[in-house]
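> What shape does this take:
(2 chains)
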Protein chains: 2
Amino acid sequence: MSLKEQMTGLAKRARLASRRLAAMSEAEKNRCLHAMANAIEANAEVIQTENAKDMAAGREMGLSKALLDRLLLNDDRVAGMATGLREVADLPDPVGRVLEESVRPNGLKLSKVASPIGVIVIIYESRPNVTADAAGLCFKSGNTTILRGGKEAIHSNQIIARTMAEAAVSVDPEFPQDAIQVVPITDRAAIPELLSLTEYVDLCIPRGGENLIRAVAECSQVPVIKHYKGICHVYIDANSDASMAEEIAFNSKVHRPGVCNAAETLLVNEAVADRVLPSLSKRLTENGVELRGDVTAKTILSSVGIPVSEASAADWDEEYLDLILSIKIVANVGEAIDHINNHGSGHTEAIVTNDAATAKRFQTEVDASTIFWNASTRFTDGGQFGMGAEIGISTDKIGARGPMGLRELTSYKWLGVADGLIRE
Amino acid sequence: MSLKEQMTGLAKRARLASRRLAAMSEAEKNRCLHAMANAIEANAEVIQTENAKDMAAGREMGLSKALLDRLLLNDDRVAGMATGLREVADLPDPVGRVLEESVRPNGLKLSKVASPIGVIVIIYESRPNVTADAAGLCFKSGNTTILRGGKEAIHSNQIIARTMAEAAVSVDPEFPQDAIQVVPITDRAAIPELLSLTEYVDLCIPRGGENLIRAVAECSQVPVIKHYKGICHVYIDANSDASMAEEIAFNSKVHRPGVCNAAETLLVNEAVADRVLPSLSKRLTENGVELRGDVTAKTILSSVGIPVSEASAADWDEEYLDLILSIKIVANVGEAIDHINNHGSGHTEAIVTNDAATAKRFQTEVDASTIFWNASTRFTDGGQFGMGAEIGISTDKIGARGPMGLRELTSYKWLGVADGLIRE
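Modelled structure (predicted):
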């Protein structure tokens, strides 16, 4: 069988399975999710045996220590997958929510109702626990998943998916086994083949580094919701509380510098730079943060003996994911907005200001998924937003934007009800 | 300048202009829309002079009478563009609507707010009045448009766009002239070039025949919302009112057979086929409808002397856009749903039944943008849905689905407000 035939078969089966999922009630889905969680716990040993094959192959391949650590399914991580599935079962079913309702003048009762998307391809890197998390979220939202993890995790991913599907069948004989499938081929050519099948695949969500996401987006014929990098900014306005500004900027940079909602660039209004920068920068450098300032920021900081290098043009477009912060002094909020719209990645932006009109302007004119007023950039997160769980954070504008929880994994339908209505 | 440079310049200017639009108030936008409408009326003669150039070239090219008719901007059509723009001005601004609101346990006030998408490319065929309609809807929803009409309409499209942009500048000097641009190059290669610019273009909406839409979708790197064909079905259930069924089926087929929400296939439950089909089919044939039935339908109709040919396998996948109807007898609602999900185009489906449980099942399990219970398929329409105007009807599931009005031309942002909140 050719690669094309294999991928077509896989995707067709996913499409057929998706029709059965669309008909499942919340109670049925939750029973399956609990059975999946129980089975993952009960089969921990088998899962870990398969994982050991991946680990051994990974060592042989010379994977880095960091990658091997990501690949490992220790007891905690196996338990974590089960807990995650139970948490998803506890979340409200996003399907069937009425989003809008109206009665038209002719008596037509019209409602816009959340519905499953259908078939979702998830492409991800090393961590095999993503298999359970992603499949669980997609299943609860009525979607079938085709999972394509890293080739180094193929045994782990397959056993997890099989354990979940078999557990669901054991409590619901009508559960379609093909609702959760792992692409069985590690050949890279499988991806463009799969993503050309617009008739059977509705959406692709790539998760991982920028290169992976770009490669997927470039080859895909099906819609892709991208989760690109986070070049997030904190802007400290002229009219702002210095200690609040310091707390928010510090938290946005230092709390967890390796994640996408950490700040990479600080913008400071020139009217308060002298007052705000020295104390904040001292605290940042004391906590190991390397500072890269524009000429004005460098002058201010050097004059008070704080180490700072000069930012290059490339700094404004870089996601450090590290204890590094670039600093730029701006004349006003308009300049801050322009800088963000030119250099930001559409992820998360924050303003610190006491002025409601300035905050409103910033929140209106900045083009990003999430814009905070007097809060740290670190709050862009499905858990913090009350979504319970997230499959990622979209930097796209079509379909979901920002954190994607269960609701963001649905589409909608228009349902019309009448009593024999025809158009005159 | 290379094609790539020209397209990049165009798209960059559209991106810059979109930032200004995001900041415009509803009142400012409406003032511009009224000025545009007035200018189109005032410049009717100039517009018609430019249109005459296209008409002359079209005649020389040997365009068909139908295409020449579509291309013509007579007095009515010019007046129609002005009226359309005033109607858009009267519609509520979709930007800034609060879609969800919550206060998180930590005090973070979170809201999900409709925002412009940004830069939208509209690709369409002959009718130059689409230029005004599409640009008006996109502008009101805060988006800049890059318009790419048929090459035979280039003079008409350019004068309409220029008239609109200049009128807006005349009442609002800050209106960005680049908010409405027509691709000045008729070379087909311009399209893939433009649709590779993911940094500057957010969305493409192709309008026209299936070939155009497929070609656009295949070459595009930016998201595309597709408006494919409508293979719409009416299913008459066992438990249904015969006269209601007849009215709905007749209306769905005959009211306006050349549009996408007209029915192409009738599905009839075998329990009522004998009772429903003869009278309905008689009326259909009397009104010029050609019938193509499966074996059972053919037997029933032939026995009462109604002319019917046998449907081929290809009939179930065909959008006739004409007075032709295929008829299939099904054993139950499940078979109807399967047929629709296998052969429908995800546009509009209707069920006629007195049974609420059957209707609910049909509306849940059929995968389409719009599903009517006891109403004609002909109601899938922005005007009928109360949208005021529509840019088309999406058969996609990511982003907008079904009729696309102003709201469907927006994305959203998450806005968070707190009082110095940091993450612990």
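
> For the stretch 1-150 of chain A, which segments are assigned as strands?
According to DSSP state E, counting those that start in this stretch, the stretch 1-150 of chain A carries its strands in the segments A:98-103, A:109-116, A:119-123, A:144-148.

> How about the residues of the stretch 101-250 of chain A by chain B?
Remark: the part of the stretch 101-250 of chain A in contact with chain B comprises A:102, A:104, A:108, A:110, A:115, A:117-118, A:198, A:202-203, A:217-218, A:221, A:223, A:225, A:241, A:244, A:247-248, A:250, using C-beta under 8 Å from any C-beta of the partner chain. For the C-beta atoms, the positions are set from N, CA and C on the backbone; glycine is no exception.

> Next, count neighbours for the closest residue to A:Tyr228 other than its chain neighbours.
With sequence-adjacent residues excluded and distances taken as C-beta to C-beta, 6 or more residues apart in numbering or on different chains, A:Tyr228 is closest to A:Thr395, at 4.5 Å. Close neighbours of A:Thr395, defined as other C-beta atoms under 10 Å in any protein chain shown, add up to 23.

> And A:Thr395, how close does it get to chain B?
11 Å (C-beta to the nearest C-beta, to the nearest Å).

> from memory that residue sits against A:Ser369, does it?
Yes: taking C-beta atoms under 8 Å as the definition, A:Thr395 is a contact partner of A:Ser369 at 6.2 Å.

> Overlap in contacts, the two.
Both A:Thr395 and A:Ser369 are in contact with A:Gly346, A:His347, A:Arg401, where contact means C-beta atoms under 8 Å, 6 or more residues apart in numbering or on different chains.

> just to revisit the earlier point, any chance of TSV for the strands of the stretch 1-150 of chain A, columns mean pLDDT and mean neighbour count?
Supplementary listing: these in TSV, determined by pLDDT from 0 to 100; neighbours: other C-beta atoms under 10 Å in any protein chain shown:
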stretch	mean pLDDT	mean neighbour count
strand A:98-103	96	12
strand A:109-116	98	21
strand A:119-123	98	27
strand A:144-148	98	26
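
> now those strands in a markdown table, with distance to A:Glu335?
As requested, these are arranged in a markdown table below (distance: least, C-beta to C-beta, whole Å):
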| stretch | distance to A:Glu335 |
| --- | --- |
| strand A:98-103 | 38 |
| strand A:109-116 | 41 |
| strand A:119-123 | 38 |
| strand A:144-148 | 43 |
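
> To A:Ser281, which of the ones you listed lies closest?
strand A:119-123 (40.2 Å; C-beta to C-beta).

> Can you pull the domain assignment for chain A?
By the assignment in automatic domain parsing, chain A contains the domains A:3-226+A:403-416, A:232-379.

> any idea how far the last one is from the chain center?
In other words, domain A:232-379. In this view, domain A:232-379 has its centroid 23 Å away from the chain centroid, taken as C-alpha atoms, centre = their mean, to the nearest Å.

> how long is it end to end?
One end of domain A:232-379 sits 12 Å from the other (C-alpha to C-alpha, to the nearest Å).

> Likewise for the longest one?
The straight-line separation of the ends of domain A:3-226+A:403-416 (C-alpha to C-alpha) is 42 Å.

> Would you mind writing the ChimeraX command to select the buried ones in the residues of the stretch 101-250 of chain A next to chain B?
What follows is the ChimeraX syntax for the buried subset of these, where burial is set by 16 or more other C-beta atoms under 10 Å in any protein chain shown:
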select /A:108,110,115,117,118,198,202,203,217,221,223,225,241,244,247,248,250
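
> which residues of the stretch 151-300 of chain A score low on pLDDT?
Along the stretch 151-300 of chain A, no part satisfies pLDDT under 70.

> just the helices in it please.
A:154-171, A:190-194, A:210-219, A:242-254, A:273-286, A:295-303 (DSSP state H, counting those that start in this stretch).

> of the ones you listed, which approaches B:Leu85 most closely?
Comparison of those against B:Leu85 by C-beta to C-beta identifies helix A:210-219 as nearest, at 35.7 Å.

> could you dump the closest one to PDB, C-alpha only?
What follows is the C-alpha trace of helix A:210-219 in PDB, where atoms were taken according to Å, rounded to 0.1, in the frame of the first residue of the first chain:
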ATOM      1  CA  GLU A 210       8.700  27.400  15.300                       C
ATOM      2  CA  ASN A 211      10.400  25.300  12.600                       C
ATOM      3  CA  LEU A 212       8.000  22.500  13.000                       C
ATOM      4  CA  ILE A 213       5.000  24.800  12.900                       C
ATOM      5  CA  ARG A 214       6.200  26.600   9.800                       C
ATOM      6  CA  ALA A 215       6.900  23.400   8.000                       C
ATOM      7  CA  VAL A 216       3.500  22.100   8.800                       C
ATOM      8  CA  ALA A 217       1.700  25.300   7.800                       C
ATOM      9  CA  GLU A 218       3.600  25.500   4.600                       C
ATOM     10  CA  CYS A 219       2.700  22.000   3.400                       C
END
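
> now the angle between strand A:109-116 and the longest helix along chain A, please.
Across chain A, the longest stretch assigned as helix under DSSP state H is helix A:3-22. In this structure, helix A:3-22 runs at an angle of 130 degrees to strand A:109-116, with axes from the mean of the first three to the mean of the last three C-alpha atoms, to 10 degrees as the basis.

> What residues sit buried inside stretch A:368-388?
A:368-382, A:384-385, A:387-388.

> same check, this time on stretch A:277-294
Residues of stretch A:277-294 classed as buried by neighbour count (16+ other C-beta under 10 Å): A:Leu277, A:Pro278, A:Leu280, A:Ser281, A:Leu284, A:Thr285, A:Val289, A:Leu291, A:Arg292, A:Gly293, A:Asp294.

> Output the residues you listed in JSON lines, with distance to A:Gly62 appended to each entry.
Below are these laid out as JSON lines (distance: C-beta to C-beta, whole Å):
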{"residue": "A:Leu277", "distance to A:Gly62": "45"}
{"residue": "A:Pro278", "distance to A:Gly62": "47"}
{"residue": "A:Leu280", "distance to A:Gly62": "43"}
{"residue": "A:Ser281", "distance to A:Gly62": "41"}
{"residue": "A:Leu284", "distance to A:Gly62": "37"}
{"residue": "A:Thr285", "distance to A:Gly62": "37"}
{"residue": "A:Val289", "distance to A:Gly62": "33"}
{"residue": "A:Leu291", "distance to A:Gly62": "36"}
{"residue": "A:Arg292", "distance to A:Gly62": "34"}
{"residue": "A:Gly293", "distance to A:Gly62": "40"}
{"residue": "A:Asp294", "distance to A:Gly62": "42"}
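
> which one of these is nearest A:Ala179?
Relative to A:Ala179, the closest of the buried residues of stretch A:277-294 is A:Val289; by C-beta to C-beta it sits at 46.1 Å.

> Just give the closest residue to that closest one, not the sequence neighbours.
Counting by C-beta to C-beta, 6+ apart, the nearest residue to A:Val289 once its immediate chain neighbours are dropped is A:Leu323, at 4.7 Å.

> swap in A:Phe175?
Residue nearest to A:Phe175 in three dimensions, not counting chain neighbours: A:Ala168, with 4.1 Å by C-beta to C-beta, 6+ apart.
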